[in-house]
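J.: The following comprises the amino acid sequence and a computationally predicted model.
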Amino acid sequence: MRSNFAIALVLLWLTSVHAAPPPTNAADVTANVETLLQGRYDNREQVAKAPTDAEHAIPHVTFVIERAPKQDFSLWHVHLETDADTSYDQTWAMQTKVEHDGSIALVPYYQFKQDSVPVASAFDPKDWLSLEACALRGDFAKARIEGMSEGEPCVAVSMNVGARRALMPVGVVREGEWLRVDLNLRGVRTRIDAKSS
């Protein structure tokens with residue numbers, strides 16, 4: 001009886017060892033994510049193909065993503081134009097974070113008063129507030145990133161951000177030359193298909 005119990009314990013231990021994900025080097029993982037995301041992206045092609053009526057029109061959006069000197073952080077500059085005379089700008093800090101279970105997340109941060117465009121070289125995380133509930137979680141592979149925030153917790157937390165939350169990425173897919181970002185424009189989740197430029 002004891003030998004059967006001991007064998008069962010050994011089998012259980014072997015199963016748990018083989019089922020555990022391989023350890024990841026956090027620095028390598030975050031560096032890969034930051035390198036893959038870095039660049040300038042523009043949805044000009046999407047705008048050209050979109051309907052022109054006000055209800056279905058897609059605004060012109062550019063994303064400039066640059067590394068910050070603080071490891072694991074990048075700045076996402078979002079510029080949105082609704083017409084030739086109207087544009088909106090918002091910069092988010094994104095922290096690439098390896099979570100307790102080994103999965104990866106992009107955690108957005110915002111500045112309480114963003115009076116000018118933040119400069120990556122002067123970035124200090126102490127000046128930014130975390131929106132952990134809006135973290136983009138999903139599949140972060142070597143050549144492809146896909147992450148999405150959870151709806152309800154993010155909505156509750158982002159209410160404090162005000163109108164700027166419309167420019168906050170709530171979903172992202174990065175593959176090939178494309179950066180596809182979900183924004184909540186006019187209260188509707190809208191996919192922006194931006195191409196590397």
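T.: It's in. As the structure is a prediction and not an experimental result, all values here were calculated from the model. Numbering: from 1, shown residues only.

J.: Against residue 45, how distant is residue 153?
T.: Residue 153 sits 33 Å away from residue 45, going by CB to CB, to the nearest Å. For every residue, glycine as well, the C-beta is placed using N, CA and C.

J.: So if I had to pick from those two, which one is more boxed in?
T.: Legend: neighbour count by other CB atoms under 10 Å for residue 153 and residue 45, higher for residue 153 (14 against 11).

J.: who's in contact with that one?
T.: Residue 153 sits next to 133, 134 when contact means CB atoms under 8 Å, 6 or more residues apart in numbering.

J.: next one: phi and psi at it?
T.: The phi and psi values for residue 153, taken as degrees, to the nearest 10, are phi -60, psi -40.

J.: mind listing the strands for the chain?
T.: Using DSSP state E, the strands of the chain run over residues 39-42, 60-67, 73-83, 86-98, 104-110, 129-130, 136-140, 144-148, 171-175, 178-185, 188-196.

J.: Which strands or helices does the second one pack on?
T.: Looking back up the chat, that one is strand 60-67. If you count contacts as 3 or more CB pairs under 8 Å, 6 or more residues apart in numbering; DSSP states H and E, strand 60-67 packs onto strand 39-42, strand 73-83, strand 178-185, strand 188-196.

J.: Just the pLDDT for residue 20.
T.: You'll see residue 20 listed with a pLDDT of 40.

J.: repeat for residue 9
T.: Residue 9 carries a pLDDT score of 44 in this model.

J.: Next: residue 156.
T.: pLDDT, residue 156: 81.

J.: can I assume it is in contact with residue 133?
T.: Yes: in this structure, residue 156 is within contact of residue 133 by CB atoms under 8 Å, at 7.0 Å.

J.: higher neighbour count, these two?
T.: Legend: neighbour count by other CB under 10 Å for residue 156 and residue 133, higher for residue 133 (16 against 11).
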